[in-house]
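>>> Predicted coordinates and the sequence they were generated for:
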Amino acid sequence: MKGTKTDFAGCLRMFRARADLTQAELAKLVGVDTQSIGNWESGVRMPSLRTTVRLADVLGVSLDQLAGRDITLGAT
């Protein structure tokens, strides 16, 4: 099922790795703590919509891509 919490976690991890960022570096760019990034990537928690938009902007992807709805557009 596309668009689940697990899809988001995997996509966040994948796009962060593609951007060659550590969890700490991404956290600093987004304005959250490193533990939050870890929780989101493990599927323990989900970010707010506002934070999700910031994540997408920092990673250079769309909200659909980050949610796992269309990851093909993020391929380089």
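Right, received. Where do you want to start?

>>> ok, so what distance separates the residue nearest to the spatial centre of the chain from residue 27?
The centre of the chain sits closest to residue 12, judged by C-alpha atoms, centre = their mean, with a distance of 2.8 Å. According to C-beta to C-beta, to the nearest Å, residue 12 stands 12 Å off from residue 27. C-beta coordinates here come from the backbone N, C-alpha and C atoms, glycine included.

>>> anything in contact with each of the two?
residue 37 (C-beta atoms under 8 Å, 6 or more residues apart in numbering).

>>> Share the number of residues neighbouring the residue nearest to residue 66 when sequence neighbours are not counted, please.
Spatial nearest neighbour of residue 66, chain neighbours left out: residue 56 (5.0 Å); criterion: C-beta to C-beta, 6 or more residues apart in numbering. Close neighbours of residue 56, defined as other C-beta atoms under 10 Å, add up to 18.

>>> got the contact list for residue 56?
62-63, 65-66.

>>> do that again at 7 Å, thanks
62-63, 66 (C-beta atoms under 7 Å, 6 or more residues apart in numbering).

>>> Now for it, which secondary structure element holds it?
Here residue 56 is covered by helix 49-59, with elements defined by DSSP states H and E.

>>> Which SSE is immediately downstream of that helix?
Immediately after helix 49-59, counting by DSSP H and E, sits helix 63-66.

>>> Report all helices and strands that that next one contacts.
helix 5-18, helix 49-59 (3 or more C-beta pairs under 7 Å, 6 or more residues apart in numbering; DSSP states H and E).
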